[in-house]
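Novice: Below are the sequence and a predicted model; questions follow.
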Amino acid sequence: KTPSLVLAVLGCSVLAHESCCAKKARLAKLKFIPDPDDTPPDVDSEGQPRFIDDPAEVMPATWDEEEDGPWEQPTKANPLYRWEPRLVPNPDYEPPTFISDIHTEISLALPWVTLGTLVTATLEAAQLPLHRLGVLLQHAGPLGGALIGLATPLCSCGSLPVAAGFVSAGVPLSAVVAFLTSAQSAGLDSAAITWGLLGPVAALCRLGGAVLLAVAAGLAARSGSSTATCKSMAATGTAA
């Protein structure tokens, strides 16, 4: 029994030591901490008292004020009382170093990079239905091409041959350019990383910006293609 008791005491001391270390490490990251010597006032800034009479407590019927003294209403904490201790500089504060900043950024980015990689790898393993994409792009226009490009896991090297194949198959150039631009501007993997590191607003703005850029490029390609067609027809008529 004695060895077991000793081991139990040592185990508790080790756990307590680890708890203190964890608390110190947590506090070391805070530049300011609540003042441990600050005491709450009896009345807050809104005039609410810290304690109020407890209406659930009544004077016992057997209470005799002559023998027991005056009966005092028990009090309870006022739920409307608001107070926060003032903040003071943390004596254990340790400013972050360059190495710790890198470690923090990597720790934040790693789950989202992993998620984006898994999503992209899953889509690539499923084999893109290029024929189906070509059919969709036939009538998608610049906006549809931009949206399809966002959902397609293609890098800059992989999207160019695919885009060339679409053009050879007769897909309108405006849709192909929009598809190509959005596929290289953003994707599911980059959107996941942006969401994790910068938040949902930044991720949505990035996707929206990629769509706008792709649509503008598609419209410019349509305008250029129409101009070239008109010049070709004019030259043909002149030669005739």
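Specialist: That came in fine, so what should we check first?
Novice: and the residue of the chain positioned farthest from its centre, backbone torsions?
Specialist: Outermost residue of the chain with respect to the C-alpha centroid, by C-alpha atoms, centre = their mean, is residue 66; its distance is 67.4 Å. Per-residue torsions, residue 66: phi -70, psi -40 (degrees, to the nearest 10).
Novice: Show the pLDDT at it.
Specialist: Confidence at residue 66, expressed as pLDDT, is 82.
Novice: And for residue 228?
Specialist: Looking at residue 228, the pLDDT reads 49.
Novice: go on, residue 136?
Specialist: Confidence score, pLDDT, at residue 136: 77.
Novice: Test my guess that it contacts residue 147.
Specialist: No: Residue 136 is beyond contact range of residue 147, at 9.9 Å (criterion: C-beta atoms under 8 Å). Yep, even glycine has a C-beta here, placed from its N, CA and C like the rest.
Novice: the strands in this protein, which residues?
Specialist: Here the chain has its strands, by DSSP state E, at 32-34, 51-53, 75-77, 87-89.
Novice: Helices along this protein, start to end?
Specialist: Taking DSSP state H as the criterion, the chain contains helices spanning 2-27, 65-68, 98-125, 130-138, 141-150, 156-168, 173-185, 188-198, 200-239.
Novice: tell me how far the third one is from the chain's mean position?
Specialist: In terms of C-alpha atoms, centre = their mean, to the nearest Å, the gap separating the centre of helix 98-125 from the centre of its chain is 13 Å.
Novice: angle of that helix against helix 188-198?
Specialist: 150 degrees (axes from the mean of the first three to the mean of the last three C-alpha atoms, to 10 degrees).
Novice: how long is stretch 39-59 from one end to the other?
Specialist: 31 Å (C-alpha to C-alpha, to the nearest Å).
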